[in-house]
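J.: need a structure here:
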Amino acid sequence: MPIELTHIGEDLVAALLESLCRRNALSRVVCEVSGRTLTQDIEEGGLGDVVHFRADDANLIVQTKNLSFSCDGEQKIDVLCAGENRAIAFEAKLGVERMGSAEFGRRFCVECEPSKHADGRISGSMVAVLERSLPFGRDWSLVARAGNGQWEVTRQWWLVLRQSIITRWRNAGSLPVLSARIVSFEALAHLYGSRQHFDQLVQRVIGVDFAARWGIPLNDP
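T.: The predicted structure follows:
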């Protein structure tokens, strides 16, 4: 089975953004709806001078005064732009099927609800959580946790889509998300560099030496 973009999307988006960060180019990452830049959100979100991009390793916790709720299914934030104490969440939806505005809303934007599990969890998509479509009052916050780190998640979050999907949404005249900044994957790839540079990045993300990584004891010919 060939490797598809959706198989490595989170790692690839994180690698693209980390590279742009090292080049001080995050100001060129622009929301296609509001015109706001990622640098502006980092500054206004209080992330600090140094940020890093983490792929698919941060759990999201909903905290109220006396309770905390994890996301059902052990969902993780696709990419976390982590500062000192605060962070911005990125979700990457890089497929092209069933991605019309109305269907996206039905699939990902339905309000969360308390899980049927005995422990404290909420059931719903990560998009709905980041949109703050939660079954609580207003006195709560979102916290990302990964390893020994913990960050308060800003209200503004970023949604990475294929350019064709953004065009479809614009043509439909409606957006299924309210608080997300929207950027195309193609725009990030263009900022990164040439086709050769991009292909080399994909190779680095995929890696090599799969036999050793998976613990398969094979000999070289």
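J.: part of a strand, is Ser133?
T.: No - per DSSP: H, G, I helix; E, B strand; the rest coil, Ser133 lies outside any strand segment and is coil.
J.: is it true that it touches Gly124?
T.: Yes - using C-beta atoms under 8 Å, Ser133 makes contact with Gly124 at a distance of 7.2 Å. Every residue, glycine included, has its C-beta placed from N, CA and C.
J.: got a list of contacts for the longest helix along the chain?
T.: Assignment by DSSP state H gives helix 5-22 as the longest helix of the chain. Residues outside helix 5-22 that contact it (C-beta atoms under 8 Å, 6 or more residues apart in numbering) are 26, 28-29, 38, 51-56, 78-79, 81, 90, 92, 94-95, 160, 185, 188-189, 191-192, 201-202, 204-206.
J.: quick one on the thing from earlier: which of Ser133 and Gly124 has more residues huddled nearby?
T.: Applying other C-beta atoms under 10 Å to Ser133 and Gly124 shows that Gly124 carries more neighbours, namely 24 against 17.
J.: any idea how far the closest residue to that one other than its chain neighbours is from Trp157?
T.: Counting by C-beta to C-beta, 6 or more residues apart in numbering, Gly124 lies nearest to Cys112, which is 3.0 Å off, once chain neighbours are set aside. Distance, Cys112 to Trp157, using C-beta to C-beta, to the nearest Å: 15 Å.
J.: How about Asn66?
T.: Using C-beta to C-beta, Asn66 is found at 26 Å from Trp157.
J.: okay, these two: which has more neighbours?
T.: Set Asn66 next to Trp157 and count neighbours by other C-beta under 10 Å: Trp157 wins out with 25 against 5.
J.: And that one, its phi and psi?
T.: Note on Trp157: its backbone torsions stand at phi -130, psi 170 [degrees, to the nearest 10].
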